[in-house]
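>>> can you look at this prediction? I've put the sequence above it.
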Amino acid sequence: MLLPEFYNQLGAMHGTIMVFLGVVPLAFGAFGNYVVPLQIGAPDMAFPKLNMTSYWLYLAGGIVMLASFLVPGGAANNGWTSYAPLSDLAPGHGQTMWLVGMLLIILSSLLGAMNFIATIVQLRAPGMTWFRLPFSSGHSSSSHSCCCSRSRRSRRRRFSKAWIAARPARQVIARLTMKKSWKNARRNAARR
């Protein structure tokens with residue numbers, strides 16, 4: 001039979017492990033490290049050693065979190081969010097080890113994010129503008145929208161470039177639906 005404290009520890013660590021050691025690193029870190037260079041035409045990530053450091057910090061954070069089960073008082077037992085009223089009353093050193101593990105994991109994510117930004121900004125294929133980036137490669141990032149929206153004139157220019165960049169997609173849609181505008185019909189007639 002489980003003690004109530006150990007049950008709370010299992011619940012808190014299960015949530016932490018699933019979110020911070022499972023979903024986030026696999027969905028964004030591992031999958032992103034594989035997909036982003038392919039999407040933007042880069043040979044690899046911008047800083048491979050920073051990538052390696054990010055992985056080792058992630059591993060160290062996970063080991064510290066799991067090692068908190070072995071200290072007196074057990075692991076963190078205040079939920080995976082560790083809200084302040086409960087985390088202040090935590091017995092033993094498990095909550096402190098959980099916090100150190102979280103700091104290592106957060107630092108790992110920060111280094112990985114810096115590497116993603118540097119890769120997307122610096123290693124794009126020639127001719128790949130911000131508006132030709134795949135959506136999942138940071139096309140809608142807030143830093144991009146802050147840098148590009150300078151004046152009304154630049155916004156007009158930017159949207160006209162986006163309209164021109166979307167021309168192949170519009171042509172494919174027109175061919176698939178077999179609808180041609182008068183402009184396209186006149187252009188085709190002039191070519192003949």
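On my side now, so go ahead. Residues are numbered from 1 along each chain as shown.

>>> show me the shaky parts of the chain.
Within the chain, the segments meeting pLDDT under 70 span 83, 85-90, 137-192.

>>> what's the domain layout of it?
Following automatic domain parsing, one finds the domains of the chain at 4-125, 152-191.

>>> nearest to F131, out of the ones you listed?
Across those, F131 has its closest neighbour in domain 152-191 (4.7 Å, CB to CB). Quick note: C-beta positions are derived from backbone N, CA and C, even for glycine.

>>> next up, the contacts around A42.
The contact partners of A42, taken as CB atoms under 8 Å, 6 or more residues apart in numbering, are 36, 119, 123-125.

>>> that one is in what secondary structure piece?
With secondary structure defined by DSSP states H and E, A42 is part of neither a helix nor a strand.

>>> from the contacts of A42, which ones fall inside helices?
Applying DSSP state H to the contacts of A42, the entries found in helices are 36, 119.

>>> quick one: which of the contacts of A42 is most hemmed in?
With neighbours defined as other CB atoms under 10 Å, the most crowded of these is T119; it has 23 neighbours.

>>> which ones are touching that residue?
When contacts are counted by CB under 8 Å, 6+ apart, T119 is found next to 36-37, 40, 42, 45-46.

>>> tally of neighbours for the closest residue in space to it that isn't next to it in sequence?
The shortest distance from T119 to any non-neighbouring residue, by CB to CB, 6 or more residues apart in numbering, is to A46 (4.2 Å). Other residues within reach of A46 by the criterion other CB under 10 Å amount to 18.

>>> same deal with Q39?
Around Q39 there are 18 other residues, counting by other CB under 10 Å.

>>> check F47 too.
By other CB under 10 Å, neighbour count at F47 equals 16.
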